[in-house]
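Visitor: A predicted structure for the sequence below; I have some questions about it.
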Amino acid sequence: MSTSTIHIHTLPPSSHLGLDLSSLTTPSTFTGISSLPPGLHHIWISPAPSLTLRHGRWVLCAGDSDNDTHYFRYDAGSEGLVREDVEGTVVRSGASESESEAEEAEGEEGLISYRQRHPGSGSEGHSDSAWRALVAHVTPGVLTCLLGPGWAAETTSSSTSTSGDDEDDAADLAAGKAFEADSEVRIAFTAINLKTTWPAGAVGRERTEKARDRSWALSEVLGRQQELLGEWEVTFVVCLFLGNFAAGEQWQKVVRLVLTCREAVFGGSEGWFVEFLQGLRRMLEVLKGAGDGGGFLGDEVMAEVLKLLRGFGKVLREEEEEDDKRGRKVREEFLKLAGWASRKMDWVLDTREVLRKGMVQTEEGDMVEIQDEGLEEEEETGEYAPAVVEDLELSKSRSESPLEIQMADEEDDDPRF
């Protein structure tokens, strides 16, 4: 199999560099990385290991020839990587033929062979199977849509969520203009509004049902971004490895949206939900092995993911009781995820196996009844029970005749009442 090489010029010694799932502190002789397998790769740098600001770029390695080489130069002004053509590299621009050959030989000596850490076992090897599975739905088209033609992002990159409704905005995205404003690297995430998950004009019961089951909202998002899984995988990589807050927010929005769907799960999109659950397990596996606690995807976010998964599992069980054929593939994949989560993360995804209310004995010997604080919210009981709110004006017009409404208006205006 043909492989690729990435050359990085003028990178300060002892920089922190990451490639896909692995990272290292660069030695003084470092000039690049060799033996990259074909496909998309994500490389990021920080000029010093102590700095939290990082700059990342995606690179497509063709691997269709023995000379697939990519050249980058470290730019001290932006503290990022700038792509260079072979003819424009600093090494070859003003050197004689013999000097260029000497520099090229030195560069080959400073190359580090591609190696990856496997999230499950922690072992290292040349295989990129774990990385390819993590970004299985990322394509060049997704990267251009989100990051522009340069495929670059930074720790401080902000979000320019796009709904795709404005033709001018869509044209700017295609041309990369949306990523040039204020010389700031921006990320064009797909807009996801979790506060309004029902169509315009919906009232009463329809609004309540679509607020509880966000299938309609998911269909609207997929109508604007058919490659939502690819975007979701990019947000995970950019958030975890670059520490980008906007990407973390978008990752959470996608998880909240998908795991609060019901009808879409059983309405012909089983394969899509299976791929989502598979991707979520891979991401959780990477997070479990992350040394910094997951950054913006840390314990608080994982607690919410656990809660959402429990609710999603409850929906699957309820549907199984009515028709065990609907959603069978999704239930099977969910059970695989639940088994892995139980073994690796001590998560219990079946709420029936969680003690939420009962009697316990104190150290003094007294018996006390306790209840999980989140029990009512998770089971939608008590103050968290759903309520259908009818539009007041609409209810009034439905229940009263025009004469009754007119008389009521006259009474309001009459000082005797």
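Guide: Nice, thanks for sending it over. Numbering: from 1, shown residues only.
Visitor: CA only for contacts and neighbour counts going forward, please
Guide: OK.
Visitor: isn't L308 right up against L257?
Guide: No - under the contact definition of Cα atoms under 8 Å, L308 does not touch L257, with a separation of 9.9 Å.
Visitor: show me what the top helix by length along the chain is packed up against.
Guide: Among the segments of the chain that qualify as a helix by DSSP state H, the longest is helix 299-322. Judged by 3 or more Cα pairs under 8 Å, 6 or more residues apart in numbering; DSSP states H and E, the packing partners of helix 299-322 are helix 245-258.
Visitor: got a list of contacts for the helix it packs on?
Guide: Helix 245-258 is contacted by residues 155-159, 189, 192, 194, 214-215, 217-218, 232, 235-236, 238-240, 296-297, 301, 305, 308 when judged by Cα atoms under 8 Å, 6 or more residues apart in numbering.
Visitor: quick one: the helices in the stretch 201-350 of the chain, in order.
Guide: 204-212, 215-224, 228-242, 245-258, 270-288, 299-322, 328-345 (DSSP state H, counting those that start in this stretch).
Visitor: kindly reformat the ones you listed as a markdown table containing mean neighbour count.
Guide: Putting the helices of the stretch 201-350 of the chain into a markdown table (neighbours: other Cα atoms under 10 Å) gives the following:
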| stretch | mean neighbour count |
| --- | --- |
| helix 204-212 | 16 |
| helix 215-224 | 17 |
| helix 228-242 | 23 |
| helix 245-258 | 20 |
| helix 270-288 | 18 |
| helix 299-322 | 16 |
| helix 328-345 | 16 |
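Visitor: in CSV: those, plus mean pLDDT and distance to R54.
Guide: Listed next are these as CSV, based on pLDDT from 0 to 100; distance: least, Cα to Cα, whole Å:
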stretch, mean pLDDT, distance to R54
helix 204-212, 92, 38
helix 215-224, 94, 30
helix 228-242, 96, 5
helix 245-258, 96, 13
helix 270-288, 95, 19
helix 299-322, 93, 22
helix 328-345, 95, 29
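Visitor: can I get those helices in a markdown table including distance to H137?
Guide: Output for the helices of the stretch 201-350 of the chain, formatted as a markdown table (distance: least, Cα to Cα, whole Å):
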| stretch | distance to H137 |
| --- | --- |
| helix 204-212 | 28 |
| helix 215-224 | 14 |
| helix 228-242 | 4 |
| helix 245-258 | 15 |
| helix 270-288 | 9 |
| helix 299-322 | 21 |
| helix 328-345 | 18 |
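Visitor: out of these, flag the one nearest S78.
Guide: Smallest distance to S78 across the helices of the stretch 201-350 of the chain (Cα to Cα): 15.1 Å, for helix 228-242.
Visitor: what segments of the stretch 101-250 of the chain are strands?
Guide: Taking DSSP state E, counting those that start in this stretch as the test, the strands found in the stretch 101-250 of the chain are 111-113, 116-117, 124-125, 152-154, 158-159, 186-187.
Visitor: of those, which shows the lowest average pLDDT?
Guide: Among the strands of the stretch 101-250 of the chain, strand 124-125 carries the lowest mean pLDDT, at a mean of 82.
Visitor: now do that one: which elements does it pack against?
Guide: For strand 124-125, the packing partners by 3+ Cα pairs under 8 Å, 6+ apart are strand 116-117.
Visitor: ok, the strand it packs on: who's next to it in the sheet?
Guide: strand 124-125 (antiparallel) (DSSP bridges).
Visitor: off-centre distance for the strand it pairs with?
Guide: Here the centre of strand 124-125 is set off from its chain's centre by 26 Å, with Cα atoms, centre = their mean, to the nearest Å.
Visitor: need the contact partners of it.
Guide: By Cα under 8 Å, 6+ apart, the residues outside strand 124-125 that reach it are 115-118.
Visitor: ditto for stretch 2-11
Guide: Under Cα under 8 Å, 6+ apart, the answer for stretch 2-11 is 31-38, 47, 61-74, 90, 111.
Visitor: filter those residues to the buried ones?
Guide: 31-38, 47, 61-63, 68-74, 111 (16 or more other Cα atoms under 10 Å).
Visitor: that older thread, distance to V274 added to the strands of the stretch 101-250 of the chain, as CSV?
Guide: CSV is the format used below for those (distance: least, Cα to Cα, whole Å):
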stretch, distance to V274
strand 111-113, 35
strand 116-117, 26
strand 124-125, 28
strand 152-154, 29
strand 158-159, 28
strand 186-187, 27
